[in-house]
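S.K.: sequence first, then the predicted structure:
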Amino acid sequence: MKKGNWIAIVWLGAMTLPATASPLYWGVNGTGTWEAAGNWFVDSSGTTPSASAPTSADDVIYGIAGLTNPLTTTLAGDQAVNSLTFNSGVSTTVQSSSVAQRGLTIGSGGIIVNSGAG
């Protein structure tokens with residue numbers, strides 16, 4: 001192997017790819033806080049918990065099958081996500097904590113409300 005080729009291979013291995021949005025699904029059948037990682041799942045069936053709460057690189061989805069109670073997510077701090085999608089057939093509320101007003105910044109993925117969402 002030529003020395004020049006070796007340098008090119010090392011360089012390509014050191015490059016990082018841009019982050020892509022990851023879907024996270026709200027999994028509380030009722031009320032919970034945004035920041036609690038245990039309230040989020042990486043799959044639409046709600047069987048695989050997320051290791052963390054959503055970040056600005058994530059797509060948040062309300063729509064795990066089987067959730068029947070009104071869904072309320074309370075923000076204890078300012079948050080940001082790539083997108084926010086509503087699929088759930090029950091009412092969904094995203095609200096500030098009672099202590100202070102909080103913001104939710106939606107990125108380039110926007111807000112999507114699908115047919116039948118509550």
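M.R.: Yep, that arrived.

S.K.: pretty sure residue 114 contacts residue 85?
M.R.: Yes - contact criterion CB atoms under 8 Å: residue 114 and residue 85 qualify, at 7.0 Å. Where you see a C-beta, it was placed from the backbone N, CA and C, and this is true even at glycine.

S.K.: tell me, what's touching these two both at once?
M.R.: Shared contacts of residue 114 and residue 85 (CB atoms under 8 Å, 6 or more residues apart in numbering): residue 63.

S.K.: now the longest strand along the chain: buried residues?
M.R.: Longest among the strand segments of the chain by residue count, using DSSP state E, is strand 104-113. The neighbour-count check on strand 104-113 (16 or more other CB atoms under 10 Å) flags residue 104 as buried.

S.K.: just checking: what are the partner strands of that strand?
M.R.: strand 79-86 (parallel) (DSSP bridges).

S.K.: who's more crowded, residue 114 and residue 85?
M.R.: residue 85 (20 against 12; other CB atoms under 10 Å).

S.K.: okay, and the helix or strand of this protein with the least pLDDT?
M.R.: One helix or strand of the chain scores below all others by mean pLDDT, DSSP states H and E: helix 3-14, with a mean of 41.

S.K.: helix or strand next in line after that one, which one?
M.R.: strand 22-26 (DSSP states H and E).
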